[in-house]
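Novice: need a structure here:
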Amino acid sequence: MKKKRIVTVDMARMFAIFCVILTHSVEGVWQMDVNSLNARKDSINLVILGLHTIGRMGVPVFMLLSGYLLLDREYDKDKIIKFWKRNMAGLLISTEIWIIIYYIFSCWLYKQKLQIGEIIPELLFYKNANANHLWYMGQIIGIYLFLPFVAIALKEITRKMSYFITGIAFLYLGLQSTVNIFRAASGKEALSSQVNMNFIGGIYGILLILGWMIKKEYFEHVKTKILLIIMCISYIGVLYVQIFAYKHHIEYSLWYDSGLLIIASVCLLIVILRIKKVICKSLVTWFGYSSFAVYLIHNIFRMYFNKFMSDKHIFTSSGIVHFVMLFVVTMCLSNLAVLIISKNKKIAKVLFCMK
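Specialist: Model (predicted):
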């Protein structure tokens with residue numbers, strides 16, 4: 001059982017990094033604003049939004065896995081300090097290094113001047129880094145800071161309390177963005193949350209707790225077929241909301257506060273973890289092991305080759321071909337780079353937190 005769980009967790013990580021590169025490749029090729037969507041055929045938009053929605057499931061799966069792996073542990077004073085030293089300190093150092101790497105790389109790629117004053121707020125996490133994926137690092141560092149205390153609290157609550165508290169928080173946090181789309185279409189004022197749930201980490205904290213609930217088998221009574229049906233309905237619902245928004249000329253960028261997206265991600269992760277037979281175990285294990293490192297490095301290749309293909313007009317005549325090439329090149333070169341760098345254990349530990 002333990003071995004099977006480890007392999008399926010690696011499979012989930014592999015899927016998550018696949019999704020992240022997928023959505024970044026979509027965003028690199030196609031504009032997602034209302035004017036661009038309305039200028040394209042509905043059939044093309046359906047493909048674009050469909051791929052983008054699948055891609056958006058990557059971060060929720062990563063977050064769910066963090067809760068799955070880290071919350072169901074015993075934490076005391078010594079173990080909390082050990083967790084901070086082993087997990088958070090390394091993550092912080094690695095993030096600071098990658099903020100610098102991406103800043104220098106972006107200046108070189110877009111022929112901009114290096115200005116030290118610009119990078120200081122990024123290093124202090126007061127400004128988004130010069131790469132569209134490093135926002136996640138600030139979120140996870142903040143969550144890791146308080147994660148042991150959440151784990152301790154969860155030990156003291158009953159299953160009914162978990163369902164009630166998590167359900168209420170999920171409904172409150174996960175419905176607002178979707179409801180506002182339909183209110184905007186009706187000319188009504190957008191709703192804004194008046195209850196501060198930052199103390200529990202907002203929607204990311206809920207994802208962590210949902211991951212813990214999966215680990216504690218809160219959803220084991222739900223049959224796999226039912227989970228697949230719920231996942232498909234939720235996925236279609238997310239697609240419908242996006243299509244409804246652009247048809248009504250409402251700017252809407254799908255984010256992780258979409259309750260339907262979270263439901264689809266939860267169902268998918270549970271289904272993956274239930275898989276009994278995994279083919280190509282060694283390959284799956286590698287992709288799972290390298291997933292976080294690939295997450296950190298992949299945008300270097302995506303940004304460079306997207307600009308290269310656009311400047312040289314290579315594979316750009318067809319959006320689909322451009323997208324496929326960008327995705328494949330980014331995925332392959334990112335994994336190759338991690339494979340080479342990981343040969344040096346010390347460098348891999350500092351750059352990628354690989355143990």
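
Novice: what is the neighbour count of Ile101?
Specialist: 17 (other CB atoms under 10 Å). C-betas here are computed from N, CA, C, even on glycine.

Novice: residues touching it, list them.
Specialist: Ile300 (CB atoms under 8 Å, 6 or more residues apart in numbering).

Novice: measure it to Ser342 for me?
Specialist: 17 Å (CB to CB, to the nearest Å).

Novice: residues contacting stretch 323-341, please?
Specialist: 18, 21-22, 24-26, 28-30, 51, 287, 290, 293-294, 297-298, 301-302, 305-306, 309, 315, 347-348, 351-352.

Novice: apologies, that question was intended for stretch 81-91.
Specialist: Residues outside stretch 81-91 that contact it (CB under 8 Å, 6+ apart): Leu70, Tyr75, Met137, Ile140, Ile141, Tyr144, Leu145, Leu147, Pro148, Lys349, Val350, Cys353.

Novice: cutoff 7 Å now
Specialist: With contact meaning CB atoms under 7 Å, 6 or more residues apart in numbering, stretch 81-91 is reached by Tyr75, Ile140, Ile141, Tyr144, Leu145, Pro148, Cys353.

Novice: what residues does the helix or strand that contains Ile236 touch?
Specialist: Per DSSP states H and E: Ile236 is located in helix 224-247. If you take CB under 7 Å, 6+ apart as the criterion, helix 224-247 is touched by 34, 37-38, 49-50, 53, 178, 181, 252, 254, 258, 260-261, 263-264, 267-268, 270-271, 274.

Novice: quick check: closest non-adjacent residue to Met14.
Specialist: Phe287 (3.8 Å; CB to CB, 6 or more residues apart in numbering).

Novice: with Cys267 instead?
Specialist: In space, and not counting its chain neighbours, Cys267 is closest to Met231: 3.8 Å by CB to CB, 6+ apart.

Novice: I'd like to know which elements the worst-scoring helix or strand of the chain on mean pLDDT is packed against.
Specialist: Here the helix or strand of the chain ranked lowest by mean pLDDT, DSSP states H and E is helix 2-29, holding a mean of 88. Judged by 3 or more CB pairs under 7 Å, 6 or more residues apart in numbering; DSSP states H and E, helix 2-29 is in contact with helix 42-55, helix 58-70, helix 259-273, helix 281-312, helix 319-341.

Novice: in whichever strand or helix holds Lys82, what counts as buried?
Specialist: Per DSSP H and E, Lys82 falls inside helix 77-83. Neighbour counts over helix 77-83 (16 or more other CB atoms under 10 Å) mark Phe83 as buried.

Novice: re earlier: which one of the helices and strands packed on helix 2-29 lies closest to Glu96?
Specialist: Of all those, helix 281-312 sits nearest to Glu96, with 12.0 Å by CB to CB.

Novice: got the buried residues for the helix or strand that comes right after the helix holding Lys82?
Specialist: Using DSSP H and E, the helix or strand that directly follows helix 77-83 along the chain is helix 90-109. Neighbour counts over helix 90-109 (16+ other CB under 10 Å) mark 90-92, 94-96, 98-99, 101-103, 105-107 as buried.

Novice: for stretch 210-229, what is the average pLDDT?
Specialist: Across stretch 210-229, the average pLDDT comes to 97.

Novice: pull up the distance across it, start to finish.
Specialist: Chord length of stretch 210-229, first to last residue, is 19 Å (CA to CA, to the nearest Å).

Novice: check stretch 119-139 too.
Specialist: With CA to CA as the measure, stretch 119-139 spans 19 Å from end to end.

Novice: ok, the nearest residue to Leu273 once chain neighbours are set aside to Val271 distance?
Specialist: Spatial nearest neighbour of Leu273, chain neighbours left out: Thr8 (4.8 Å); criterion: CB to CB, 6+ apart. Per CB to CB, Thr8 is found 10 Å from Val271.

Novice: please say which of these two ends up with more neighbours.
Specialist: Taking neighbours as other CB under 10 Å, Thr8 and Val271 compare with Thr8 leading, 20 against 16.

Novice: quick check: the more buried one touching Ile272?
Specialist: Yes. Thr8 lies in contact with Ile272 (CB atoms under 7 Å); the separation is 5.8 Å.

Novice: find the residue at the geometric middle of the chain.
Specialist: The C-alpha lying nearest the average C-alpha coordinate of the chain belongs to Val59 (CA atoms, centre = their mean; 1.3 Å).

Novice: name the nearest residue to that one, sequence neighbours excluded.
Specialist: Tyr256 (5.9 Å).

Novice: and that neighbour, which of the three is it?
Specialist: Secondary structure, DSSP: H, G, I helix; E, B strand; the rest coil: Tyr256 is coil.

Novice: secondary structure element holding the closest residue to Tyr102 other than its chain neighbours?
Specialist: Residue nearest to Tyr102 in three dimensions, not counting chain neighbours: Ala131, with 4.0 Å by CB to CB, 6+ apart. Assigned by DSSP H and E, Ala131 belongs to no helix or strand.

Novice: next: the one 5 residues further on.
Specialist: Taking DSSP H and E as the criterion, the element that holds Tyr136 is helix 135-154.
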